[in-house]
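S.K.: Give me a 3D structure for the following:
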Amino acid sequence: MWEQTKEHSTMTSNQKRNLLIDTLIFEIDGVLIDVSKPSYQAIIQTIELFFTRGLGFLYKDRPSILIDQNDIDSLRMAGGLGNDWEISTTFISYFLEMLPPVDLTTQPLRKHVPDILAYLQIAGSKLRVSMDVLKKNKNIPRLARQISKAGGGLNGVDKVLKRRNRHLLSTGTDPLTGNLIQRIFQELYFGERLFEKIYDQKAIVVQTPGLISQETLLIDPKVLKKLASHLTLAIATERPRPESEYTLRRFGIHHYFQTIITYNDIVESGATGKPAPWLLQQVVKLMEPRPTYCAYIDRISDGILAAKHASQTAPFITIGSLAASRDKQQSRRHFEKSKADIILGHPNQLERVIFRSTTHRGR
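M.R.: The predicted structure follows:
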């Protein structure tokens with residue numbers, strides 16, 4: 001494993017490769033785009049709205065939040081929870097387990113969000129629980145350890161939790177077909193106006209500007225342009241397609257990538273997300289010409305494992321990026337445990353890592 005520590009480097013015109021690759025594949029979040037601030041806020045607010053707006057729970061003492069950034073980091077490190085929807089679903093399922101069993105004789109119309117909210121409010125009226133109780137009784141680090149021990153991902157969640165009150169999730173397949181968690185999250189992330197523009201439906205839960213405006217470009221566009229001039233670039237992300245396309249176009253970098261595979265492709269194919277290799281295998285399958293040697297860069301160790309599992313399709317060099325991590329030492333340990341080939345402090349270092357100048361080499 002090679003760890004690069006300086007943040008930026010430059011290329012000269014006379015270059016050879018340090019890494020013998022012809023294809024470089026990116027995760028979007030935490031590599032191309034810094035989503036840390038809006039991502040944390042969207043998860044926190046999704047859970048708050050589910051229990052306050054949905055079930056009608058209140059804080060008895062003073063306004064607070066049920067989870068914080070440390071809780072989210074703990075759950076992400078459990079492994080296999082590839083996107084913020086799955087993280088949010090896991091938190092909500094966990095807190096629903098704390099409630100007494102709620103028996104309702106009727107089910108909401110899954111495609112009608114107001115009916116789902118009314119259904120939750122009926123359920124909440126049968127309970128005498130405050131948000132303070134849920135917050136007091138939580139132990140997220142313990143939950144994360146249990147999920148990790150059970151194999152990670154939503155399958156691990158189902159092994160750890162008893163599925164009590166899971167019917168209250170009223171989960172459809174996407175934000176427009178009754179998945180209330182995804183609906184709340186997307187309305188928060190896009191905001192009222194952009195949600196309607198992208199999904200052609202009015203926002204029901206949120207009437208505020210979108211958190212997506214807080215995203216920032218992480219990689220230097222000049223570095224990306226130079227990489228694209230020497231390599232074929234692609235994206236393998238567990239981010240939803242509408243978000244991915246909007247963000248790449250917003251920052252003017254979409255044209256650099258030949259192939260983009262997203263969370264929607266995973267769902268449509270009935271596949272499994274990272275650390276399973278399908279995302280990366282699908283990128284390799286769709287690229288023309290077919291890659292000979294690839295590198296994949298991700299912010300989490302699940303991506304490293306996915307690339308290693310995909311090496312039967314094409315040889316992969318695995319690269320971990322620490323740029324967007326709140327706890328860089330912890331992230332480094334996870335990358336080391338997953339045997340990442342290279343660990344970078346910042347994606348701008350890709351230029352130096354992949355290319356080397358021969359202009360001033362001695363004889």
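S.K.: Correct me if wrong, but Leu233 is in a helix.
M.R.: No: read with DSSP: H, G, I helix; E, B strand; the rest coil, Leu233 is strand and lies in no helix.
S.K.: Could you double-check that it sits in contact with Tyr256?
M.R.: Yes: taking Cβ atoms under 8 Å as the contact criterion, Leu233 and Tyr256 are neighbours in contact, 5.2 Å apart. Any C-beta I mention is one placed from the backbone N, CA and C, and that applies to glycine too.
S.K.: burial count for Glu268?
M.R.: Around Glu268 there are 10 other residues, counting by other Cβ atoms under 10 Å.
S.K.: Assign it to one of the three secondary structure states.
M.R.: The local conformation at Glu268, judged by three-state DSSP, is helix.
S.K.: sorry, back to before: common neighbours of Leu233 and Tyr256, please.
M.R.: Between them, Leu233 and Tyr256 share the neighbouring residues Leu224, Leu227, with contact defined by Cβ atoms under 8 Å, 6 or more residues apart in numbering.
S.K.: phi, psi of Phe257?
M.R.: For Phe257, the backbone dihedrals are phi -110, psi 120 (criterion: degrees, to the nearest 10).
S.K.: Check it and give its pLDDT.
M.R.: Looking at Phe257, its pLDDT is 98.
S.K.: try Glu196
M.R.: What the model reports as pLDDT for Glu196 is 95.
S.K.: Excluding chain neighbours, what is closest to it?
M.R.: Here the nearest residue to Glu196 in space, its sequence neighbours aside, is Lys202; by Cβ to Cβ, 6 or more residues apart in numbering that works out to 5.5 Å.
S.K.: Make sure the one you found is indeed in a helix.
M.R.: No: per three-state DSSP, Lys202 lies outside any helix segment and is coil.
S.K.: in the stretch 251-363 of the chain, what spans have low per-residue confidence?
M.R.: Low-confidence segments of the stretch 251-363 of the chain, defined by pLDDT under 70, are located at 356-363.
S.K.: Which parts of it are strands?
M.R.: Taking DSSP state E, counting those that start in this stretch, the strands of the stretch 251-363 of the chain run over residues 257-261, 294-298, 316-321, 342-344, 355-357.
S.K.: now the third one and strand 294-298, what's the angle there?
M.R.: This points to strand 316-321. Regarding strand 316-321 and strand 294-298, their directions subtend 20 degrees when assessed with axes from the mean of the first three to the mean of the last three Cα atoms, to 10 degrees.
S.K.: Parallel or antiparallel, which strands does strand 316-321 pair with?
M.R.: Take DSSP bridges as the rule and strand 316-321 pairs in its sheet with strand 294-298 (parallel), strand 342-344 (parallel).
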